Each structure stands twice: as structure tokens, then as C-alpha cells.
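K.L.:
Please find the sequence and the predicted model below.
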Amino acid sequence: MIRQLLGFFVVIIFVSLFHFKELIYYGLVQGKGQLSIVWNAKPVADFLQDPDTPDSIRQKLLFIEEVRRFAVEELTLNDTDNYTTMYDQKGKPILWVVTGCKPFAFEPKVWDFPVVGQMPYKGFFKEEMAFDEMARVKEQGYDVGLRTVGGWSTLGWFKDPILSNMLGRSYGDLANLIVHELVHATVFVKDSVNFNENLASFIGDRGAEIFLERYYPDSHLADYKNELRNEKIFIGHVLYGADQLDSLYRSFGNVRDTVRVKLKRKLIDRIVISMDTLSLSDKSFLSRIKGRELNNAYFMSFLRYRSKQMSLDSLYTDRFDEDLSIFIQHFKEKHPFL
């Protein structure tokens, strides 16, 4: 009987390994990539003590330390060891993210992962694996997107380092990014990426602005407010375009796919052309779309990060009287971390 049970469990394990072999291989490759970054990251203190560290780098690292302290002590985000080390990317991208979305509906392609649940994107530390995945998703009939990322959260599994390319950001944008990622290490709702990203975006925007108002009112604040203004105009236009596309898709009914494609492309072209009329003080925002053939995956990325900003702002203003630390505490209690 015992031998039969052992044989049964061996078969179950073998079948499971075969069925999940792709996920296991992916996990091993991703784990190796993440561990390589963690192991090769050096303490920020080492860079600060090194006389060969350029002053521009030193200033940004000290700035990040200030942002971390503010985020933990004043915003009540979780105190972690994140961003106490730095990894030198040597100017190269290190993570590629694949996304997919149905061509005539804003329904994302999702991937299933242990612990964190379903995610509407999949990251790769190997560029060729990202391109292979993108091809597979495209073959499944989805609009696809591929982008490199400048920062991410491992949700407490690893000590997230500063990535050297982060230091090329403006001071306001850098503060925003650090607060955004620390939110992910504080509040996380399984299978709710849109909520997680919208909340982190909202707190990142407000947190960075409050930080600069308190500690850098005469230097970086004005530039950051101008960045936010331009970002709001650009994102608002993209979200309005997504709303127009959604209305178009809902009107299709039994329209043939060839006609759907033409109508979709015509509307997207009109959305892109009308961007020239936006009152942006920084026209570099338009470079985000130059040379790109926009599709649903592109618009879906903005919905993922920005579609809930108005409702969060109403909650922040009406219920919490624009007190960001109490606002954050509310979500910490409502959604305990993993």
C-alpha cells in the first residue's frame, strides 16, 4: 500500500513538473536575474564615501536617502531596506516587460503567478525571451507592447536597489518614483494590478510634491509642478482617446474585422495628430509616441496606472482632508501587506 502511494505521488510530481515546466524555467531565469542584481548592488554608503563618486551622483543618492526617510517617517510607508544599495546598469536596460490587450476591447492579457496572482504583464531579464513572449502573445490575437522599465518592486522578496539609470531623472521625478515603489512594498492587493498601480501613482505624485514643498521649495518644486502639469495634460489626452476607442469598440456589433481595423486605425491616427494641439510647455512629451504604432496595449498601460486618479483624489480630499499619511494608513489597514 505504501509503495503504491509513493508511486502515486511520484507520478503526480512528475506530471506537475512537466505541466509547469515553462513556469518553473521562467522562475529560475527571473530568480537568477534578480539575484544577480541584488548580489552585485553595493551599499549607498560605499558610493558616498568613495572620493571618485561624481558630485552629481552623490547629490542624487543623498536626495534619495531624504525621500526614503520622509516616506517612512512622515508618510508612514513601510520601513524596508529598499534603496539602500545601488546597482550599476552601465547605461543598459536590464528588464523588459511584455503586455497584451484584446484588439477591440480594453481587456488585458493576463499571466498567472504564484503568490501575487494574475498580472497583466510579464517581465524578463533576457531581451530575447521578451521578444519570444511578445511573438507568442501576438499570435494569440492580442495587441502587444514591449517596454523597458526604470524601476520595480519585488514586494519584499528582495532588497530593491537603486538602479543607476534612475539617477538620470529630474529630482521631482526621482522622488515620485521612490515613493511610488515604496507604496508597492506597503500596500498590495492580489489580482488588482489596476488598483495597486493607480494608488502608487497617486501617492507618488502627491508624496513627491509634499516632500519638495517642505524641503526644496526654492529649487526643485517649480520644475516638478511644471512636469506634473504637462504630464496631466498628456495623460488626460491619452485617457480621453482610450474612452473614444472604448465607445467605438462597443458600437461594432457584427461589423467585419477588416472594417474594425480601419475604423480603429483612423481614430488612433486622429488621437495622435491632435496631440500637436496640446498646450504643453515641454514638447518632449510628444517624443513618447514618435515612431510608435499605437495600439490597445499602449492605451491600456495608461488605464492601468491612471484611470482611477479622480476617484482617489475625491477620497483624498473629501474624506481625509488631503492628509496623505492618514490616507495611506487607511489603505494599510484595509489591505494588509502580503
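P.N.:
Sure thing, it's come through.

K.L.:
Show me what whichever strand or helix holds Val67 is packed up against.
P.N.:
Using DSSP states H and E, Val67 falls within helix 55-73. Applying 3 or more Cβ pairs under 8 Å, 6 or more residues apart in numbering; DSSP states H and E, we find helix 55-73 packed against helix 44-49, helix 171-184, helix 193-215. For the C-beta atoms, the positions are set from N, CA and C on the backbone; glycine is no exception.

K.L.:
Centre of the chain to that helix, how far?
P.N.:
Distance of helix 55-73 from its chain centroid, counting by Cα atoms, centre = their mean, to the nearest Å, is 21 Å.

K.L.:
Please write out the alpha-carbon positions of it in CSV.
P.N.:
C-alpha atoms of helix 55-73 as CSV (Å, rounded to 0.1, in the frame of the first residue of the first chain):
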residue,chain,number,x,y,z
ASP,A,55,29.2,65.2,-7.1
SER,A,56,26.1,64.8,-9.3
ILE,A,57,25.7,61.2,-8.3
ARG,A,58,26.5,61.9,-4.7
GLN,A,59,23.7,64.6,-4.6
LYS,A,60,21.1,62.3,-6.1
LEU,A,61,22.0,59.5,-3.6
LEU,A,62,21.7,61.8,-0.7
PHE,A,63,18.4,63.1,-2.1
ILE,A,64,17.1,59.5,-2.3
GLU,A,65,18.0,59.0,1.4
GLU,A,66,16.0,62.1,2.3
VAL,A,67,13.0,60.9,0.3
ARG,A,68,13.1,57.4,1.9
ARG,A,69,13.3,59.0,5.4
PHE,A,70,10.3,61.3,4.6
ALA,A,71,8.3,58.4,3.1
VAL,A,72,8.8,56.2,6.2
GLU,A,73,8.7,58.8,9.0
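
K.L.:
elements contacting the next helix or strand after it?
P.N.:
The first helix or strand that comes after helix 55-73 along the chain, using DSSP H and E, is strand 85-87. Applying 3+ Cβ pairs under 8 Å, 6+ apart, one finds that strand 85-87 contacts helix 21-40, strand 42-43, helix 44-49, strand 162-163.

K.L.:
The helix or strand just after strand 85-87 packs against which elements?
P.N.:
The first helix or strand that comes after strand 85-87 along the chain, using DSSP H and E, is strand 96-101. Helices and strands touching strand 96-101, by 3+ Cβ pairs under 8 Å, 6+ apart, are strand 122-124, helix 127-139, strand 143-148, helix 296-306.

K.L.:
Please work out which of these is packed deepest.
P.N.:
helix 296-306 (a mean of 22; mean count of other Cβ atoms under 10 Å).

K.L.:
got the angle for it vs helix 193-215?
P.N.:
50 degrees (axes from the mean of the first three to the mean of the last three Cα atoms, to 10 degrees).

K.L.:
and helix 296-306, C-alpha only, in CSV?
P.N.:
Provided in CSV are the C-alpha atoms of helix 296-306 (Å, rounded to 0.1, in the frame of the first residue of the first chain):
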residue,chain,number,x,y,z
ASN,A,296,-4.6,48.9,-27.3
ALA,A,297,-1.7,47.7,-25.3
TYR,A,298,-0.3,51.3,-25.3
PHE,A,299,-3.6,52.8,-24.2
MET,A,300,-4.2,50.0,-21.6
SER,A,301,-0.9,50.9,-19.9
PHE,A,302,-2.3,54.4,-19.1
LEU,A,303,-5.6,53.0,-17.9
ARG,A,304,-3.6,50.6,-15.6
TYR,A,305,-1.7,53.5,-13.9
ARG,A,306,-4.0,56.5,-14.2
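
K.L.:
distance between the ends of stretch 164-172?
P.N.:
16 Å (Cα to Cα, to the nearest Å).

K.L.:
in it, what counts as buried?
P.N.:
Ser164, Asn165, Met166, Leu167, Arg169, Tyr171, Gly172 (16 or more other Cβ atoms under 10 Å).

K.L.:
Distance check, the nearest residue to the second one once chain neighbours are set aside against Thr148.
P.N.:
In space, and not counting its chain neighbours, Asn165 is closest to Gln89: 5.1 Å by Cβ to Cβ, 6 or more residues apart in numbering. With distances taken as Cβ to Cβ, to the nearest Å, Gln89 is found 10 Å from Thr148.

K.L.:
And the residue nearest to Phe113 when sequence neighbours are not counted, its phi and psi?
P.N.:
Closest residue in space to Phe113, ignoring its immediate chain neighbours: Met119 at 5.9 Å, by Cβ to Cβ, 6+ apart. For Met119, the backbone dihedrals (degrees, to the nearest 10) come out as phi -130, psi 140.

K.L.:
Return the most buried member of the helices and strands packed on strand 85-87.
P.N.:
Note that of the helices and strands packed on strand 85-87, strand 162-163 is the most buried (mean count of other Cβ under 10 Å), with a mean of 23.
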